[in-house]
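# my questions concern the predicted model and sequence given below.
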Amino acid sequence: MFSRSFKAMAAALLMGSSAMVMAANDGQTRANELLNDPAYRDAWQKVVKKEERLPEWVMNLSGSAEQMNAVTEDGDAYLVGPLCETAQTCLNKRLIVAVSLDKKDAYAMLVEVPAGLPADKSPTRHADYRFLGQPDVGMQALLKEQLKKDPNWY
C-alpha cells in the first residue's frame, strides 16, 4: 500500500514539475539563449572569431533580448531577432541576429547610436552599422528590415 501511494505521489510531483518547465519555456527563442545550443554556438563562434574589437555582450550574445521570428531569405529559413546590451541602452547599442534553422550559418548587424542624441534627431541618420558574418546583400537588407520594425527606430 505504501509503495503504491509513494509511486502515485512521485508521479504527481514529476508531472507538476514538468508542467512548470513547459510553462517557463514558452517555445520562443531569444538571441541571448542561442549559445545554449552547441550547433548555434559553433555557428556564432565562426562569426565572432574573425572580428576585432567586439563588445563582450556581442561576443557572448548576452543582454536583453526579445522573441526571434522565423523569416525566409533567398529560400533559406532563419530565426531573426534583436539583442541589446541592456534594455535601457537598446536605442544606443543593439544587435540584430539571424541564424539559419539548420544551425550552420549566423549573421548579425551591430547598430550603435551616440549616447545623448537629442530626441528630435533621427537615430537612423546618426547610427553606425557593422555587419558580422559577411552577409550578402539580401541578408543585409533582411537585417535592416528587422531594425525598421522597432517603433522607436525612425
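Received the coordinates, thanks. Note that the coordinates shown come from a computational prediction; the quantities given were computed from them, not determined experimentally.
# can you tell me the centre-most residue of this protein?
residue 31 (1.8 Å; Cα atoms, centre = their mean).
# so where's the protein shaky on pLDDT?
1-27 (pLDDT under 70).
# can you give me the strands for it?
64-65, 69-73, 76-84, 93-100, 106-112, 128-132 (DSSP state E).
# helices or strands next to the first one in the packing?
With contacts defined as 3 or more Cβ pairs under 8 Å, 6 or more residues apart in numbering; DSSP states H and E, the packing partners of strand 64-65 are strand 76-84. For the C-beta atoms, the positions are set from N, CA and C on the backbone; glycine is no exception.
# next, the angle strand 106-112 makes with the strand it packs on.
In terms of direction (axes from the mean of the first three to the mean of the last three Cα atoms, to 10 degrees), strand 76-84 departs from strand 106-112 by 30 degrees.
# in its sheet, what does strand 76-84 sit against?
strand 64-65 (antiparallel), strand 69-73 (antiparallel), strand 93-100 (antiparallel) (DSSP bridges).
# okay, buried residues for that strand please.
78, 79, 80, 81, 82, 83, 84 (16 or more other Cβ atoms under 10 Å).
# okay, and the beta partners of the second one?
I take that to be residue 79. Counting by DSSP bridges, the residues bridging with residue 79 are residue 70, residue 99.
# contacting residues for the closest residue to residue 72 other than its chain neighbours?
The spatial neighbour of residue 72 that comes closest, neighbours along the chain excluded (Cβ to Cβ, 6 or more residues apart in numbering), is residue 78 at 7.3 Å. Counting by Cβ atoms under 8 Å, 6 or more residues apart in numbering, residue 78 touches 70, 71, 72, 98, 99, 100, 101, 142.
# how close does residue 78 sit to residue 64?
21 Å (Cβ to Cβ, to the nearest Å).
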